[in-house]
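Trainee: here's a sequence, model it:
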Amino acid sequence: MASVTSSDRMPAAALALGRAELELKHSAGSHSGSVAALRALVWLGAGTEEGAEGELEYAAVADARRGFQDMLPQALQTNGGRLDHSSSSVIKAALLFEALAPAAIQPSQGPEAAASDASGGLSPGMAAAAAIFNAAVESVNPSTRRMSVYHEELQAFFARLITFPVRVAYLTTEGHNGSSSNDHGLRVSPWAAKNAVRRVLQDFPGSAEVLSIWVQLHSRMHHLSALRATITDIAAGRTSGGAELAGGAPLLWALLLRVESRRPGGRHRVHGALENCLASSSSLRSCPVLWRIYLAHHLAAGQLDHAHRVFLRAIHECPSSKALWLDGFAGLRRHLNPRETGELLEICRDKEVFLRTDIFEMLLAEMDSDAG
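Mentor: Just a heads-up that it's a prediction; the model follows:
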């Protein structure tokens with residue numbers, strides 16, 4: 001790509017970031033993909049014309065780092081700290097750049113030198129990215145930050161970056177080459193990642209992406225039992241130790257159930273978890289989504305009697321949910337007799353949930369039932 005002027009770098013940030021993410025996505029975490037992604041970010045930071053493939057030196061990386069340092073103050077002040085698409089793209093590009101770029105070491109030193117400097121559970125690159133992220137978070141007051149969709153995107157981006165770190169793009173120089181980098185760029189302590197994602201959840205507890213990352217992180221750390229205990233406490237109104245998760249509790253349960261269903265003995269775990277979160281003492285028993293999941297769980301297993309009981313419990317707790325009524329009628333159409341179906345439809349009308357029904361089909365079904 002051609003060189004980019006200083007005035008055009010902010011608008012061009014989304015383009016460079018998008019290209020870098022595509023390079024990483026299609027390279028399946030290879031070192032060559034990291035170098036290609038870093039090249040796009042160096043073009044943005046340094047503003048110089050992109051060289052031929054493979055021509056990326058430490059000097060260019062240093063120029064790009066200085067360029068990002070110049071752009072970040074302006075980006076952080078955009079819209080009174082609320083950010084916009086371009087400024088949030090600049091900050092995300094800077095985070096990804098630091099995660100990918102080699103640490104500030106001499107070319108004669110190998111990647112092991114950079115890895116040995118890791119502190120606080122983070123590699124040097126991730127520590128630099130975390131410093132930029134912390135500056136972005138602390139540059140605006142919490143109320144403004146929590147009302148900004150761009151801050152939510154930025155924090156979700158950082159949570160994903162620290163939980164699924166990228167491979168550092170060690171450059172080919174006299175002293176080492178890219179093929180010797182192994183996994184030094186992947187070293188992030190699970191506890192450091194967990195603490196970082198927990199901090200993001202304090203601002204955005206209902207973020208689907210961040211909650212998904214939170215569940216995946218617990219699964220990788222084999223801490224699903226602790227997560228299950230935390231959200232059980234949330235459902236029971238005891239939020240000690242998990243208050244930041246309370247706002248996303250229904251979605252968090254759904255994500256946990258998805259993970260549990262894939263484990264050995266998952267069907268029994270899912271059943272137990274659903275009973276816990278929808279118990280009579282639970283604050284989540286009025287959540288239609290969880291009842292629909294419970295109903296679908298029994299229908300998928302062919303347990304129609306259980307599904308019937310769950311359906312009746314569900315419409316007692318959530319009588320105004322049209323989707324729940326439709327799920328029950330569709331899944332139990334061969335299990336409900338015409339009389340019960342008619343009674344349930346009467347309840348629907350009483351609750352002002354209106355369903356379109358072909359009365360002639362119901363009469364024919366009743367006649368067939370009586371004839372049988």
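Trainee: burial measure for E57, as a count.
Mentor: 14 (other CB atoms under 10 Å). Placement of C-beta: from N, CA and C, glycine included.
Trainee: and it, its phi and psi?
Mentor: phi -120, psi 170 (degrees, to the nearest 10).
Trainee: got a pLDDT number for it?
Mentor: pLDDT recorded at E57 is 80.
Trainee: now swap in R187 and tell me
Mentor: Reported pLDDT for R187: 61.
Trainee: how much space between E98 and L345?
Mentor: From E98 over to L345 the distance is 61 Å, taken as CB to CB, to the nearest Å.
Trainee: so between the two, which is more surrounded?
Mentor: Legend: neighbour count by other CB under 10 Å for E98 and L345, higher for E98 (23 against 17).
Trainee: what sits against that one?
Mentor: E98 makes contacts with 65, 125-126, 128-129, 132, as judged by CB atoms under 8 Å, 6 or more residues apart in numbering.
Trainee: let me have these in JSON lines, extended by neighbour count and secondary structure.
Mentor: Listed next are these as JSON lines, based on neighbours: other CB atoms under 10 Å; DSSP: H, G, I helix; E, B strand; the rest coil:
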{"residue": "R65", "neighbour count": "19", "secondary structure": "helix"}
{"residue": "G125", "neighbour count": "28", "secondary structure": "helix"}
{"residue": "M126", "neighbour count": "29", "secondary structure": "helix"}
{"residue": "A128", "neighbour count": "20", "secondary structure": "helix"}
{"residue": "A129", "neighbour count": "24", "secondary structure": "helix"}
{"residue": "I132", "neighbour count": "20", "secondary structure": "helix"}
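Trainee: so the residue nearest the centre of the chain, which of the three states?
Mentor: With distances taken as CA atoms, centre = their mean, the residue of the chain nearest its centroid is E209 (2.2 Å). When classified by DSSP: H, G, I helix; E, B strand; the rest coil, E209 comes out as helix.
Trainee: surely it is in contact with A156?
Mentor: Yes: between E209 and A156 there is a contact under CB atoms under 8 Å: 4.5 Å.
Trainee: if we can go back for a sec, pLDDT value on the residue nearest to the centre of the chain, please?
Mentor: On the pLDDT scale, E209 gets 91.
Trainee: likewise for A36?
Mentor: 88.
Trainee: and it, how many residues sit next to it?
Mentor: Neighbours of A36 using other CB under 10 Å come to 21.
Trainee: any idea which element the closest residue to it other than its chain neighbours lies in?
Mentor: Nearest residue to A36 in three dimensions, chain neighbours excluded: E23, at 4.2 Å (CB to CB, 6 or more residues apart in numbering). For E23, the element it lies in under DSSP states H and E is helix 9-27.
Trainee: and that helix, what's buried?
Mentor: Residues of helix 9-27 classed as buried by neighbour count (16 or more other CB atoms under 10 Å): 9-10, 12-17, 19-21, 23-24, 27.
Trainee: just these now: which is nearest N337?
Mentor: Among the buried residues of helix 9-27, E21 lies closest to N337 (CB to CB), at 55.3 Å.
Trainee: ok, now which ones touch that closest one?
Mentor: By CB under 8 Å, 6+ apart, the neighbours of E21 are 37, 96.
Trainee: hang on, the earlier thing: and the contacts of E98 as a markdown table, adding pLDDT?
Mentor: Formatted as a markdown table, the contacts of E98 follow (pLDDT from 0 to 100):
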| residue | pLDDT |
| --- | --- |
| R65 | 93 |
| G125 | 86 |
| M126 | 90 |
| A128 | 91 |
| A129 | 93 |
| I132 | 95 |
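Trainee: so is the spatially closest residue to A169 that is not a sequence neighbour in a helix, a strand, or just coil?
Mentor: Distance criterion CB to CB, 6+ apart; nearest residue to A169, sequence neighbours excluded, is S34 at 3.8 Å. Here S34 is helix, with the state taken from three-state DSSP.
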